[in-house]
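S.K.: here is my input; please provide its structure:
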Amino acid sequence: MLRLSLAFLLVAFVRANIDVDACSRAGFTEGLACSSCKLLPEFGLEALQEDCDNCCEDDTLGQNKNVPRYPKAVLEMCDCKLRAFPQIEPFIKGRMKGHFKNLKTKHIQAAAPRLKMMNDKGVVMERLNIESWDTDTVTEYLNERLELE
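M.R.: Coordinates of the predicted model:
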């Protein structure tokens, strides 16, 4: 499954004539939705538009068939870090806590926020550091990648 996911990503990046390393060096992460690139001018970031467009994955109508979906996810974080990462609090004990039924939270001593996306057997397929993500980005990612329960 992991090899298949990597193959899809490689095809997407080769098709865009830019490689994964170049996108990473430019500051773009795997799974970047092209709809996010369209927002750059709103923040005065037009200079990033071309690279963003080359590194993004088409998410027309919110349905990117190349993006894997997972039946389970765990949000791990130390409760002591909620003040440092207020954007994650809605998923731990706020308005988003019950929104994703197959998202569990787990307290890990001294851990910064991270997501673990798992298959139906509970095997971790993706580990994501979400320290710099805002609430909307986490929500968008989970809506796109987490199967509806």
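S.K.: from here on, contacts and neighbour counts on C-alpha atoms
M.R.: OK.
S.K.: packing partners for the helix or strand harbouring residue 51?
M.R.: Secondary-structure element containing residue 51, defined by DSSP states H and E: helix 49-55. Under the contact definition 3 or more CA pairs under 8 Å, 6 or more residues apart in numbering; DSSP states H and E, helix 49-55 sits against helix 20-25, helix 34-37.
S.K.: for those, which one ends up most surrounded?
M.R.: Neighbour counts averaged per stretch over the helices and strands packed on helix 49-55 are highest for helix 34-37, at a mean of 17; criterion: mean count of other CA atoms under 10 Å.
S.K.: and that one, how far from the chain's centre?
M.R.: Put simply, helix 34-37 sits 13 Å off its chain's centre (CA atoms, centre = their mean, to the nearest Å).
S.K.: if we can go back for a sec, out of the helices and strands packed on helix 49-55, nearest to residue 83?
M.R.: helix 34-37 (27.0 Å; CA to CA).
S.K.: what's the mean pLDDT across that closest one?
M.R.: Helix 34-37 shows an average pLDDT of 83 in the prediction.
S.K.: now stretch 134-145: buried residues?
M.R.: Using 16 or more other CA atoms under 10 Å as the test for burial, stretch 134-145 gives 135, 138, 139, 142, 144, 145.
S.K.: so which helix or strand takes in the second one?
M.R.: Looking back up the chat, that one is residue 138. For residue 138, the host element (DSSP H and E) is helix 135-145.
S.K.: what is the neighbour count of residue 73?
M.R.: Here the number of neighbours of residue 73 (other CA atoms under 10 Å) works out to 26.
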